[in-house]
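>>> Quick one, structure for this:
(one chain, ligands or ions: 2)
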Amino acid sequence: MERFRRTRLNSHLRSLVRETHVSVNDFIYPLFVRPGEGIKTEVASMPGVFQMSLDEILKECELLQTLGIYSILLFGIPAVKDSIGSDALCDHGIIATAVRAIKRSFPQMFVVTDLCFCEYTDHGHCGILDHVHETVDNDLTLGISAQQALVHARAGVDMIAPSGMMDGIIGTLRDALDGGGYSNLPIMAYSTKFASGYYGPFRDVAESVPSFGDRSTYQMDPANRREAIRESLADEAQGADILMVKPALAYLDIIRDIREASSLPLAVYNVSGEYAMLKFAGNAGLIDYNRVMMETMIGFKRAGADIIISYHAKEVAALLH
Ligand code: PBG
Ligand code: ZN
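Residues are numbered from 1 along each chain as shown. Ligands and ions are numbered 1, 2, ... in the order given. As a prediction, the model looks like this:
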């Protein structure tokens, strides 16, 4: 006869035997910097998320530190976009300027930069176009990505996170950084990035909707599990320091697969559409927002994530306090 009784677990014992924990140290908070001053524009599809000018970003960093959040993922929205994303290649472009200012005012803040071109190009694709095939030219994009990485490195970034999913990007960036004297600068690879409808709200905030076509020539098919593992192992072999699965919620099996296939630290990106779903359901009174949010975060950790990149990070930090 089964003698187990769950009722023996009082709340103290339940917390002693809890297998998975969420801590403020698990989180990286995304921030969107744009030109100007005194600008803080809420994104309609993501209540609580803003495009901010640099002065507002600095205020935000102060607030994040009081919440115990010391890691940010920075995206730049430049004043001018062109066919090759020139602003991203300039030492005085939006992102380089922001990194310098943040590191000057908040040396303890761990600043990660998203390294891609879709926010910087007028066509909204993640690299230089191949006009014959009407998609991104992988190898031309590798060349400018190396330049972009050195711009971020010179600005004083703590880690770069290439998100364009070009083939060979990790090896290219590792070589460029090593060659430039930045062999201690880590790379967090967006190693498994699916072509996903969940990025919809992000493209509003980053103003990066592709003007034609989609990203399926460089992002992965959501149906492919073996390919996800293969991409991750390829990035590991090229020198990635941290792997990532993105999006998170519909891909918990992939998180577990990669956790088991690689011993590298693993990040998940709890993306804009996932945030929006909870937010709007919560605002409509359909779910207990805080409870569902924490349950979701536990799910990511239980699936095998070490790091959670999330727009919920501030709310989680406040709840954990
Ligand atoms: C840029 C990039 C995207 C996201 C992060 N970096 C969008 C995309 O690939 O279209 C999505 C993040 C989110 O939805 O929160 N390559
Ligand atoms: Zn991109």
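>>> In the protein, where is pLDDT below threshold?
When residues are selected by pLDDT under 70, none of them lie in the chain.
>>> Contact residues of it facing ligand 2?
Residues of the chain found near ligand 2 (CB under 5 Å from the ion) are 116, 118, 126, 164. Glycine gets a C-beta too; all of them are placed from N, C-alpha and C.
>>> Can you name the residues that contact the closest residue to the second one other than its chain neighbours?
Read that as C118. Excluding the flanking residues, the one nearest C118 by CB to CB, 6 or more residues apart in numbering is S208, at 4.1 Å. Residues near S208 by CB atoms under 8 Å, 6 or more residues apart in numbering: 118-119, 124, 202.
>>> what secondary structure does S208 sit in?
The three-state label given to S208 by DSSP: H, G, I helix; E, B strand; the rest coil is coil.
>>> who in this structure is up against ligand 1?
With CB under 6 Å from any ligand atom as the criterion, the chain meets ligand 1 at residues 114, 116, 118, 126, 163-164, 199, 202-203, 215, 271-272.
>>> Could you export these as TSV, including secondary structure and neighbour count?
Output for those, formatted as TSV (DSSP: H, G, I helix; E, B strand; the rest coil; neighbours: other CB atoms under 10 Å):
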residue	secondary structure	neighbour count
D114	strand	23
C116	coil	27
C118	coil	25
C126	coil	25
S163	coil	23
G164	coil	24
Y199	helix	22
F202	helix	27
R203	helix	16
R215	coil	21
V271	coil	25
S272	helix	24
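>>> Just send those residues back as TSV, with distance to I77 too.
TSV is the format used below for the residues of the chain next to ligand 1 (distance: CB to CB, whole Å):
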residue	distance to I77
D114	11
C116	12
C118	11
C126	15
S163	15
G164	17
Y199	15
F202	12
R203	12
R215	18
V271	17
S272	14
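>>> Name the nearest residue to E227, sequence neighbours excluded.
Leaving aside its sequence neighbours, E227 sits nearest to M220 (CB to CB, 6+ apart; 6.1 Å).
>>> That neighbour bridge partners, please.
F194 (DSSP bridges).
>>> burial measure for S105, as a count.
12 (other CB atoms under 10 Å).
>>> Just give the closest residue to it, not the sequence neighbours.
S105 sits nearest to L58 (CB to CB, 6+ apart), 5.6 Å away.
>>> which ones are touching that neighbour?
101-102, 105-106.
>>> three-state assignment of F50?
Per three-state DSSP, F50 ends up strand.
>>> just checking, it touches P30?
No. Counting by CB atoms under 8 Å, F50 does not reach P30; the two are 10.9 Å apart.
>>> So which of the two has more stuff around it?
Taking neighbours as other CB under 10 Å, F50 and P30 compare with P30 leading, 23 against 18.
>>> Assign a three-state SS to the more buried one, would you?
Judged by three-state DSSP, the three-state class of P30 is strand.
>>> Relative to F106, how far out is it?
Here P30 is placed at a distance of 16 Å from F106 (CB to CB, to the nearest Å).
>>> Between which two of the residues of the chain next to ligand 2 is the distance greatest?
Farthest-apart pair in those is C118 and G164; separation 7.5 Å (CB to CB).
>>> can you give me the helices in the stretch 151-300 of the chain?
169-179, 200-205, 225-237, 252-261, 272-283, 289-303 (DSSP state H, counting those that start in this stretch).
>>> And the longest one, what does it pack against?
The reference is to helix 289-303. Where contact means 3 or more CB pairs under 8 Å, 6 or more residues apart in numbering; DSSP states H and E, helix 289-303 is packed against helix 252-261, strand 266-270, helix 272-283, strand 307-310, helix 313-320.
>>> Then the third one?
With contacts defined as 3+ CB pairs under 8 Å, 6+ apart, the secondary structure elements packing on helix 225-237 are strand 192-193, strand 243-246, helix 252-261.
>>> Output these as JSON lines; include the columns mean neighbour count.
Below are the helices and strands packed on helix 225-237 laid out as JSON lines (neighbours: other CB atoms under 10 Å):
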{"stretch": "strand 192-193", "mean neighbour count": "26"}
{"stretch": "strand 243-246", "mean neighbour count": "26"}
{"stretch": "helix 252-261", "mean neighbour count": "18"}
